[in-house]
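Participant: Sequence plus the predicted model coming up.
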Amino acid sequence: MLEMYQRALAVSEARYHNLIEKIADGVVVVSSEGVILYVNPAAECLLRHPAEELIGTWFGRPLASGETVEIELRPNTRPYLAQGEGDPSPPATNYRIAEMRVVEIVWDRQPAYLAALRDVTERKEAVRRRDEFLAMLAHELRNPLAPILSAVHFMHQRGLPTAELEEACAVIERQSQHLVRILDDLLDLSRVTHGKIDLRKQPIDLRTLLADAVRASRNLAEARNLQLTTDVPTETLWVEADPTRMTQVIVNLLNNATKYTPPGGRIEATLRSDDSQAILSVKDTGVGIPEVERISIFDLFAQLHVSLDRTEGGLGIGLTLAQRIVELHGGTIEAQSEGEGKGSEFIVRLPRRQPPLLLAAAPILPPPKKPFVPRNIFLVEDNDDNREMLRNLLLAWGHRVEGVGNGLQGLELMRHSFAEVALIDLGLPGMDGYELARQVRKLPRGDAIRLIALTGYGQPEDRRRAIQAGFDFHLVKPVDLHKLQQYLAEMP
């Protein structure tokens, strides 16, 4: 009987070995002490070493049954598997990126680990190139948007002769701001995907965030003849959240409801809570979500009822971004719908927190309003339209402005003329904005000039790089003109 059992076991093990010899994924069997016991042909190809060189060596990292991680395969060094995990750097010629799944097995009647390795180098590289392209696209589209919005503000500043022209100007501004939001979503999605987004969480009343989001979305809803209402509790609803990012989530949900609700429909945003969660609901009377599409509604670039005319617009990234930001806050988001034509509801759940301890404080009085002070401003921008529109707007505000189109001209201008403020585009031909700032700081009175960077790149590392080069302030194109005006007014 024992002999039959041993023969059956041997046959089973032989079949098992034969199976993993032929599968396309790399398979490495590792002892409980971390020593490689077996390598199949696919793993030999991945590691670019024959099995006889690998067997008996240290695997390179501890293993845990059930784990799924991404690792770097480094065939030219020992250990062969790098310790680094997470989102690896872009692939170089001397290593590959593999997704590794680990299970606990018995090998030659001893406990062991089976590590299945799947080469994902090309997939990771494709994702990296996609994100680089989206970031570059967003940057390039910001440049033409900047003069458009500057021109709109200039026309408002000067006044338009008819109500029809005022409305046309308002349409240009609304649609330009809509495009800015799409570009911001593109950049934010890339940051969230690669873990490069920094959440600045603080205790905040979720009712405040909803109110801010409704104010930002009301004009769009009214333009489409939609009724936007809210239902909020009378008591505070405290959460730990990044106010900017969570407001962005709510705005995306409201704008999504606006996009898919026909004129005359209703959108209702509701807040409620249970013992441990704050619950936000955005419900509409729109086109609804078919069951087959509800499963993938949060997928990147997913859209309902995509047709050739694309009347709904958008890129299908708002819900993906909302989901990932909510998850970074430890919450969840789900979509509900009774079907096509029956509206939809998006529900966000966030962990509640205890009310913060409030300390008695003296009332904060608004600072006294400073009298207007005209500034001597140098504008260094190679985009002619943007330079002229921004120059005209600054002149209309009452400042004195000189503009040039490249870094060398800008340095020469500031060397021989008196400037209080310099607005400098970072992407200048020849001498870029970073180098120009460094050279300006070397001038005899260069430290007295307020340097403001203008750029299409707005990530935290871009701001840090600008400050390190000598800039005092960093503005992303299209420039927030209210912020610029405030900065100029508050200068000493």
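Facilitator: Done, it's in.

Participant: C-alpha only now, for contacts and for neighbours.
Facilitator: OK.

Participant: buried residues in stretch 24-37?
Facilitator: 25-31, 34-37 (16 or more other Cα atoms under 10 Å).

Participant: Surely L436 touches G407?
Facilitator: Yes. The pair L436 / G407 is scored as a contact, 6.0 Å apart, by Cα atoms under 8 Å.

Participant: Pick out whichever of those two has more residues nearby.
Facilitator: G407 (27 against 22; other Cα atoms under 10 Å).

Participant: is it true that the more buried one touches L426?
Facilitator: No. Taking contacts as Cα under 8 Å, G407 lies outside contact range of L426: 9.3 Å.

Participant: Report the set of residues contacting both of those two.
Facilitator: 432-433 (Cα atoms under 8 Å, 6 or more residues apart in numbering).

Participant: Surely E99 forms part of a strand?
Facilitator: Yes. Applying DSSP: H, G, I helix; E, B strand; the rest coil, one finds E99 inside a strand.

Participant: what about the closest residue to it other than its chain neighbours, which SS state?
Facilitator: With sequence-adjacent residues excluded and distances taken as Cα to Cα, 6 or more residues apart in numbering, E99 is closest to E70, at 4.5 Å. Here E70 is strand, with the state taken from three-state DSSP.

Participant: Could you list the domains of this protein?
Facilitator: Domain segmentation of the chain under automatic domain parsing yields 20-119, 203-306+315-357, 376-490.

Participant: Low-confidence ranges, the chain, go.
Facilitator: 1-22, 74-95, 189-196, 300-316, 357-369, 458-459 (pLDDT under 70).

Participant: From the centroid of it, which residue is nearest?
Facilitator: Central residue of the chain (Cα atoms, centre = their mean): D188, 1.7 Å from the mean position.

Participant: What distance do you get for that residue to I182?
Facilitator: 10 Å (Cα to Cα, to the nearest Å).

Participant: and if you look at A466?
Facilitator: 24 Å.

Participant: before we move on, what about R101?
Facilitator: 37 Å.

Participant: is it true that D242 touches D205?
Facilitator: No. With contacts defined as Cα under 8 Å, D242 does not count as touching D205, sitting 11.3 Å away.

Participant: Spit out the residues that contact the two alike.
Facilitator: If you check D242 and D205 against Cα under 8 Å, 6+ apart, no residue is contacted by both.

Participant: helices or strands up against the helix or strand L280 falls within?
Facilitator: Using DSSP states H and E, L280 falls within strand 277-284. Counting by 3 or more Cα pairs under 8 Å, 6 or more residues apart in numbering; DSSP states H and E, the packing neighbours recorded for strand 277-284 are helix 243-259, strand 266-273, strand 344-351.

Participant: got the ones you listed as CSV, with mean neighbour count columns?
Facilitator: Below are the helices and strands packed on strand 277-284 laid out as CSV (neighbours: other Cα atoms under 10 Å):
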stretch, mean neighbour count
helix 243-259, 22
strand 266-273, 19
strand 344-351, 22
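
Participant: mind giving me TSV with those and columns for distance to R224?
Facilitator: Formatted as TSV, the helices and strands packed on strand 277-284 follow (distance: least, Cα to Cα, whole Å):
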stretch	distance to R224
helix 243-259	8
strand 266-273	11
strand 344-351	18
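
Participant: Select, out of these, the one closest to G288.
Facilitator: The minimum distance between G288 and these falls on strand 344-351, with 4.9 Å, by Cα to Cα.

Participant: now that closest one and strand 277-284, what's the angle there?
Facilitator: With axes from the mean of the first three to the mean of the last three Cα atoms, to 10 degrees applied, the angle from strand 344-351 to strand 277-284 works out at 170 degrees.

Participant: list the helices and strands strand 344-351 packs on?
Facilitator: Secondary elements touching strand 344-351 (3+ Cα pairs under 8 Å, 6+ apart): strand 238-241, strand 277-284, strand 332-336.

Participant: Tally up the residues packed near the nearest residue to Q323 once chain neighbours are set aside, please.
Facilitator: Distances taken as Cα to Cα, 6+ apart place I333 nearest to Q323, at 6.1 Å, with adjacent residues excluded. I333: 20 surrounding residues under other Cα under 10 Å.

Participant: Could you double-check that I333 sits in contact with E345?
Facilitator: No. Using Cα under 8 Å, I333 is not in contact with E345; the gap is 10.5 Å.

Participant: ok, residues contacting the helix or strand containing L114?
Facilitator: Applying DSSP H and E as the criterion places L114 in strand 110-119. Strand 110-119 is contacted from outside by 25-32, 43, 46, 63, 65, 96-106, using Cα under 8 Å, 6+ apart.

Participant: Which SSE is immediately downstream of that strand?
Facilitator: According to DSSP H and E, the helix or strand after strand 110-119 is helix 121-158.

Participant: for that next one, the distance to its chain's centre please.
Facilitator: 13 Å (Cα atoms, centre = their mean, to the nearest Å).

Participant: got it, and stretch 201-212?
Facilitator: 20 Å.

Participant: for stretch 219-230, same thing?
Facilitator: On Cα atoms, centre = their mean, the centre of stretch 219-230 falls 27 Å from that of its chain.

Participant: Take that stretch, keep the C-alpha atoms, and write them as PDB.
Facilitator: Written as PDB, here are the backbone C-alpha positions of stretch 219-230 (Å, rounded to 0.1, in the frame of the first residue of the first chain):
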ATOM      1  CA  ASN A 219     -22.600  78.200 -13.100                       C
ATOM      2  CA  LEU A 220     -22.100  75.100 -15.200                       C
ATOM      3  CA  ALA A 221     -25.300  73.600 -13.900                       C
ATOM      4  CA  GLU A 222     -27.300  76.800 -14.500                       C
ATOM      5  CA  ALA A 223     -25.900  77.100 -18.000                       C
ATOM      6  CA  ARG A 224     -27.400  73.700 -18.700                       C
ATOM      7  CA  ASN A 225     -30.700  74.600 -17.000                       C
ATOM      8  CA  LEU A 226     -30.200  72.100 -14.200                       C
ATOM      9  CA  GLN A 227     -31.500  72.400 -10.600                       C
ATOM     10  CA  LEU A 228     -28.600  71.900  -8.200                       C
ATOM     11  CA  THR A 229     -29.700  71.400  -4.500                       C
ATOM     12  CA  THR A 230     -28.100  70.300  -1.300                       C
END
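
Participant: Next, the buried residues of that stretch.
Facilitator: Quick answer for stretch 219-230 (16+ other Cα under 10 Å): 220-221, 224-228.

Participant: bridging residues for the residue nearest to Q323?
Facilitator: V348 (DSSP bridges).

Participant: From R324, how far out is it?
Facilitator: 9 Å.

Participant: Equivalent analysis for L149, please.
Facilitator: Applying Cα to Cα to L149 and R324 gives a distance of 30 Å.

Participant: returning to what we had before: out of the buried residues of stretch 24-37, which are inside strands?
Facilitator: 26-31, 36-37 (DSSP state E).

Participant: distance of V180 from E33?
Facilitator: From V180 to E33 the distance is 55 Å (Cα to Cα).

Participant: again with V251
Facilitator: 53 Å.

Participant: Check Y434 too.
Facilitator: 53 Å.

Participant: Same check on L280?
Facilitator: For L280 relative to E33 (Cα to Cα), the value is 50 Å.

Participant: same thing with V239?
Facilitator: 46 Å.
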